[in-house]
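K.L.:
can't give you the sequence, but here's the structure:
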């Protein structure tokens, strides 16, 4: 395998830096979405718990 030139290494380094920045942005977006989903889940469970129990749902 031939040695890589400085230009090739610099190009790869620039690409990897760009890719890292993209992935870090993706992580931030995923964390934000996760937070929104957790809040929605909490709201859903709170509404369910606040409802009156069903008269047909109890054990007899």
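P.N.:
The structure has been received and is ready for your questions. The shown structure was predicted, so the numbers you read here are calculated from the model rather than taken from an experiment.
K.L.:
can you map out the helices along the protein?
P.N.:
6-50 (DSSP state H).
K.L.:
avg pLDDT for stretch 28-47?
P.N.:
Confidence over stretch 28-47 (mean pLDDT, whole number) is 95.
K.L.:
how far does that stretch sit from the chain's center?
P.N.:
Centroid separation between stretch 28-47 and its chain, computed with Cα atoms, centre = their mean, to the nearest Å, is 11 Å.
K.L.:
again with stretch 21-32
P.N.:
Using Cα atoms, centre = their mean, the offset of stretch 21-32 from its chain centre is 7 Å.
K.L.:
just the buried positions in it, please.
P.N.:
Buried positions in stretch 21-32, judged by neighbour count with 16 or more other Cβ atoms under 10 Å: none. Every C-beta, even on glycine, is put in place using the N, C-alpha and C of the backbone.
K.L.:
please apply the same query to stretch 42-49.
P.N.:
Buried, per 16+ other Cβ under 10 Å, within stretch 42-49: nothing.
K.L.:
which residue lies nearest the spatial centre of the protein?
P.N.:
Central residue of the chain (Cα atoms, centre = their mean): residue 30, 2.2 Å from the mean position.
K.L.:
gap between that one and residue 38?
P.N.:
Distance of residue 30 to residue 38, given as Cβ to Cβ, to the nearest Å: 13 Å.
K.L.:
over to residue 9?
P.N.:
43 Å.
K.L.:
also residue 29?
P.N.:
For residue 29 relative to residue 38 (Cβ to Cβ), the value is 15 Å.
K.L.:
residue 20 now?
P.N.:
27 Å.
K.L.:
what's the neighbour count on residue 56?
P.N.:
Residue 56 has 6 neighbouring residues, counting by other Cβ atoms under 10 Å.
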